[in-house]
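> Provided below for reference: sequence and predicted model.
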Amino acid sequence: MSSPGPISTPASAPSSPRVLVMGAGTIGCYLGGLLVAAGLDVAFVGRPRVIQALRSHGLTLTDLNQRRLHVSTAMLNLNETCPPGWAPDVTLLCVKSGATPEAARELQRALPAGSVVLSMQNGVGNARDAQATAPDMDVRAGMVPFNVAELAPGQFHRGTGGALMVHGRATESALRALPQAFTQGGVELQLIESPASMHAVQWGKLLLNLNNPVNALSGRALRAQLLERGYRQCFAALQREALDILDAAGLPVQSMAPVPPRRLIQVLNLPSPLFRLVAARMLKIDAQARSSMADDLKLGRLTEIDALCGEVQRLAASTGRSAPLNSRMRELVMDWPQRARPYSPSELKQALGLR
Ligand SMILES: NC(=O)C1=CN([C@@H]2O[C@H](COP(=O)(O)OP(=O)(O)OC[C@H]3O[C@@H](n4cnc5c(N)ncnc54)[C@H](OP(=O)(O)O)[C@@H]3O)[C@@H](O)[C@H]2O)C=CC1
Ligand SMILES: CC(C)(CO)C(=O)C(=O)O
């Protein structure tokens, strides 16, 4: 992506690597749009609402560094199901966790055996679940560190930074084109060779995503929510419980923050004036950015709470322990439709049983 102002987008050459975006939503449109702009041959599969918006408006991508990119409708290969006979070099699986089985079934039906599928989803279980549903695919875990918001139909904004990570090797033909293509759009992609390291990355991201329910229930934008100590204390308590369980299970975690996970918990608990100083980098978030779960609650959609707090509960149970805070948070998110009123910091602490 060039910065600032619109840029022209190159037409993909006949020999361009082919990418299928399965689930053209917020992340799918952002990642796929960057790849179209880099000249890759990208097909999007999405719901009629999104496909119609892209047909009417094209795709506009912006980011926190004032980059702006417009991909015209003519450049977009838009579909409501996998285009028949279209064999991608790589597929980006970008649906929410609850939609993974249906999407994986479609990939299994439509793509040649051995097709590489990258799960660009949150949680630690989506790649495993997709692989179980689509046994002929080669499903790999991926990780998206940054926040993307749909600002208007066809307009997607990246509000935070960080490098994409994917399980694979730079020498693999399916993946070779991706790092450079994303770099052109201002996004780094790191390939992680070892499955154990990728698992540690995913758990590191899950720890960060334990703020998603806090953010969603706060009713505030991410930055405003993180500036409230009471909400940070809730996030820190959920993280501490998860880390204790991960330690008990002997599972390593790669921190997604510039400091180790336990240090991050201390930082989150600091009084706000100190937190602002110490966590200046963490607070480099656009004022309007919200967690993906906040979008789900607002639109009355199924949330990914089961893939986040639910995963902590399941890991706890597998080691003979319990995860009362993550269990309680899961209940609060499930009970949202009955309440439908944001929690103040003290209300949320009280609801979690924190002092
Ligand atoms: N948004 C963000 O900032 C971030 C999100 N993530 C993760 O990325 C993943 C995707 O999230 P996000 O992009 O926000 O989700 P969205 O809901 O915005 O996008 C997913 C889209 O895929 C559609 N979809 C689901 N199943 C199918 C199908 N079988 N065929 C076609 N379209 C389908 C959904 O439609 P419908 O709603 O009708 O099912 C929806 O439009 C999640 O795991 C999320 O946690 C990770 C980092 C940041
Ligand atoms: C980027 C981040 C951590 C923002 O909350 C996210 O993963 C999400 O919104 O789901």
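Perfect, I can see it now. Just so it is clear, the structure is predicted and the values come from calculations on it, not from any experiment. Numbering: from 1, shown residues only. Ligands and ions are numbered 1, 2, ... in the order given.
> burial count for residue 256?
By other Cβ atoms under 10 Å, the residues close to residue 256 number 19. No exception for glycine: its C-beta is placed from N, CA and C like everyone else's.
> with adjacent residues omitted, what lies nearest to residue 294?
Closest residue to residue 294 in three dimensions, ignoring its sequence neighbours and counting by Cβ to Cβ, 6 or more residues apart in numbering: residue 216, at 4.4 Å.
> tell me the contacts of that neighbour?
Taking Cβ atoms under 8 Å, 6 or more residues apart in numbering as the criterion, residue 216 is in contact with 291, 293, 294, 296, 297, 303, 333, 336.
> buried only: go through those for me.
By neighbour count, with 16 or more other Cβ atoms under 10 Å, the contacts of residue 216 hold 291, 293, 294, 296, 297, 303, 333, 336 as buried.
> before we move on, the earlier item: can you list the contacts of residue 216 in TSV and add secondary structure?
Listed next are the contacts of residue 216 as TSV, based on DSSP: H, G, I helix; E, B strand; the rest coil:
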residue	secondary structure
291	coil
293	helix
294	helix
296	helix
297	helix
303	coil
333	helix
336	helix
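> from these, pick the one nearest residue 55.
When these are compared for distance to residue 55 (Cβ to Cβ), residue 296 comes out closest, at 24.9 Å.
> quick one: the residue nearest to residue 294 from residue 290, how far?
Noted for residue 216: a distance of 8 Å to residue 290, by Cβ to Cβ, to the nearest Å.
> next one: phi and psi at residue 77?
Backbone torsions for residue 77, taken as degrees, to the nearest 10, come to phi -100, psi 100.
> neighbours of it, how many?
Residue 77: 17 neighbours (other Cβ under 10 Å).
> near ligand 1 at all, the helix or strand hosting the residue nearest to residue 294?
Using DSSP states H and E, residue 216 falls within helix 211-218. No. On the criterion Cβ under 6 Å from any ligand atom, helix 211-218 is out of touch with ligand 1, staying 7.8 Å away.
> is it true that residue 297 touches residue 303?
Yes. Here residue 297 reaches residue 303: they are 6.5 Å apart, a contact under Cβ atoms under 8 Å.
> how near is residue 100 to residue 22?
Residue 100 is 10 Å from residue 22, by Cβ to Cβ.
> neighbour count: those two, which is higher?
More crowded of residue 100 and residue 22, by other Cβ under 10 Å: residue 22, with 30 against 27.
> that one bridge partners, please.
With DSSP bridges applied, residue 22 shows beta-bridge pairing to residue 45, residue 93.
> shared neighbours, residue 297 and residue 303?
Common neighbours of residue 297 and residue 303, counting by Cβ under 8 Å, 6+ apart, are 216, 333.
> can you get me a residue count around residue 320?
As a burial measure, residue 320 scores 7 neighbours (other Cβ under 10 Å).
> which SS state does it fall under?
Quick answer, by three-state DSSP: residue 320 is coil.
> what does it show for phi and psi?
Dihedral angles (degrees, to the nearest 10) for residue 320: phi 70, psi 20.
> near ligand 2, which residues of the stretch 251-355 of the chain show up?
Neighbours of ligand 2 within the stretch 251-355 of the chain, by Cβ under 6 Å from any ligand atom: 291, 292.
> mind naming the longest helix for this structure?
Ranked by residue count, the top helix of the chain under DSSP state H comes out as helix 229-249.
> that helix: what's the following helix or strand?
helix 261-269.
> identify the residues contacting that following helix?
Applying Cβ under 8 Å, 6+ apart, the contact partners of helix 261-269 are 204, 207, 229, 232-233, 235-236, 239-240, 243, 253, 255, 257, 259, 275, 278-279, 282.
> helices along the stretch 1-150 of the chain, start to end?
Using DSSP state H, counting those that start in this stretch, the helices of the stretch 1-150 of the chain run over 26-37, 48-57, 100-110, 126-133.
> of these, which is nearest residue 146?
Comparing the helices of the stretch 1-150 of the chain by Cβ to Cβ, helix 26-37 comes nearest, at 8.8 Å.
> my guess is residue 258 meets residue 281, correct?
Yes. Applying Cβ under 8 Å as the test, residue 258 and residue 281 come out as touching, 6.0 Å apart.
> how about the contacts made by residue 277?
So residue 277 contacts nothing (Cβ under 8 Å, 6+ apart).
> helix or strand: which one has it?
Judged by DSSP H and E, residue 277 forms part of helix 272-278.
> what mean pLDDT does that helix have?
For helix 272-278, the mean pLDDT works out to 97.
> okay, buried residues for that helix please.
Those would be 275, 278, for helix 272-278 by 16+ other Cβ under 10 Å.
> how about the buried ones among the contacts of residue 216 in TSV, adding pLDDT?
What follows is those, written out as TSV (pLDDT from 0 to 100):
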residue	pLDDT
291	96
293	97
294	97
296	96
297	96
303	98
333	98
336	97
